[in-house]
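Engineer: Curious how this folds, go ahead:
(one chain, ligands or ions: 2)
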Amino acid sequence: MYGQEFSLQSISLAIPKSQITGIMGPSNSGKTTLLRILNRLTDLIPDILIRGQVLLDGVDILMPHYNVNLLRARVGMVFAKPIPLPRSIYENLTFGPRMHGVKDRRILDERVEQSLQAAILWDEVKDRLFESALKLSGGQQQRLCIARTLAMQSEVILLDEPTSGLDPISTAKIEEALRNLKKDYTIILVSNNTKQIARISDRVAFFLMGDLIEYGPPDMLFTNPSDKRTEDYVSGRFG
Ligand SMILES: Nc1ncnc2c1ncn2[C@@H]1O[C@H](COP(=O)(O)OP(=O)(O)OP(=O)(O)O)[C@@H](O)[C@H]1O
Ligand SMILES: [Mg+2]
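Structural biologist: Ligands and ions are numbered 1, 2, ... in the order given. Next up, the predicted model:
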């Protein structure tokens, strides 16, 4: 609840490990709010009221004493608009790990290469790691932001419409990266693009005006939805 307004109501969902959970729904359905709760970005919003529990490995991350810095290291977030630090590619990837005490240059170098490889960006930037990240294209910046969560060795990656501003080729690269990453990570992908959700999700949740309408395997939601509103949404009747 923001102020007096409910933006999410009675949501209960179990997010499986090593899978991509797709979250779709029209504007204002509460998708971004849900992601914000999952890594407690909601802490920054005054006047917000959250009730309930968010269990990560059985521990409620909403407990006031839960270590939010550690939480954000474990649960990484990628936004619609990529926001790299105005620093080199290398520094973008090593900033987080350094903050969490990783100082060994060899380990940092290794994390940089591994995370760029996994985000399918290494070949494009390996010769310019010390150039500004701001010189990268939008699609490359977005893959860098994904690589940043990987360099932190996050366990959960939240993505809020990560390809909404990107061309089809960049979008395909990000989808490919996410498909390869899911075996090692728990991925939650919010997208307005139902085709994208259908392409890469293992499970799909449909939100509408703060309610979770339906949650299940993509086959069910896209071909045999149990709720008329899901059917109307996936067939493009609104959204
Ligand atoms: N910081 C905030 N303060 C007050 N109300 C907010 C805030 N952020 C979101 N809301 C409200 O919460 C509701 C859900 O918004 P949210 O951003 O979660 O939707 P969304 O599904 O992500 O929409 P979109 O597809 O447009 O990104 C909306 O009614 C919105 O106006
Ligand atoms: Mg949103």
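Engineer: So the residue of the chain found nearest ligand 2 versus residue 116, what's the distance?
Structural biologist: Closest approach between the chain and ligand 2, counting by CB to the ion: residue 32, at 3.1 Å. Glycine gets a C-beta too; all of them are placed from N, C-alpha and C. Distance of residue 32 to residue 116, given as CB to CB, to the nearest Å: 27 Å.
Engineer: swap in residue 135?
Structural biologist: Applying CB to CB, the value for residue 135 to residue 116 is 15 Å.
Engineer: Comparing these two, which residue is more hemmed in?
Structural biologist: Using other CB atoms under 10 Å, the more surrounded residue of residue 135 and residue 116 is residue 116, with 25 against 12.
Engineer: Leaving out chain neighbours, which residue sits closest to that one?
Structural biologist: residue 122 (4.0 Å; CB to CB, 6 or more residues apart in numbering).
Engineer: Same check on residue 135?
Structural biologist: Nearest to residue 135 is residue 128, by CB to CB, 6+ apart, at 7.9 Å.
Engineer: Verify the stated contact: that neighbour with residue 89.
Structural biologist: Yes - Residue 128 is within contact range of residue 89, at 6.8 Å (criterion: CB atoms under 8 Å).
Engineer: Neighbour count: those two, which is higher?
Structural biologist: Each of residue 128 and residue 89 has its neighbours counted (other CB under 10 Å); residue 89 has more, 27 against 14.
Engineer: circling back: report how many residues lie close to the residue of the chain closest to ligand 2.
Structural biologist: 19.
Engineer: what's around residue 63, how many residues?
Structural biologist: 10.
Engineer: Now the phi/psi pair for it, please.
Structural biologist: phi -60, psi 140 (degrees, to the nearest 10).
Engineer: Give the full set of residues in contact with it.
Structural biologist: Contact analysis of residue 63 by CB atoms under 8 Å, 6 or more residues apart in numbering lists nothing.
Engineer: now residue 27
Structural biologist: Neighbouring residues of residue 27 by CB under 8 Å, 6+ apart: residue 192.
Engineer: and it, helix, strand or coil?
Structural biologist: Put simply, residue 27 is coil when judged by DSSP: H, G, I helix; E, B strand; the rest coil.
Engineer: What distance do you get for it to residue 86?
Structural biologist: Distance check for residue 27 against residue 86: by CB to CB, it reads 30 Å.
Engineer: likewise residue 11?
Structural biologist: 37 Å.
Engineer: Which parts of this protein are strands?
Structural biologist: 20-24, 55-56, 59-60, 75-78, 156-160, 186-190, 203-208, 211-216 (DSSP state E).
Engineer: can I get those in CSV with mean pLDDT and mean neighbour count?
Structural biologist: Shown next, in CSV, are these (pLDDT from 0 to 100; neighbours: other CB atoms under 10 Å):
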stretch, mean pLDDT, mean neighbour count
strand 20-24, 97, 25
strand 55-56, 92, 14
strand 59-60, 94, 11
strand 75-78, 95, 22
strand 156-160, 97, 22
strand 186-190, 97, 24
strand 203-208, 96, 24
strand 211-216, 95, 18
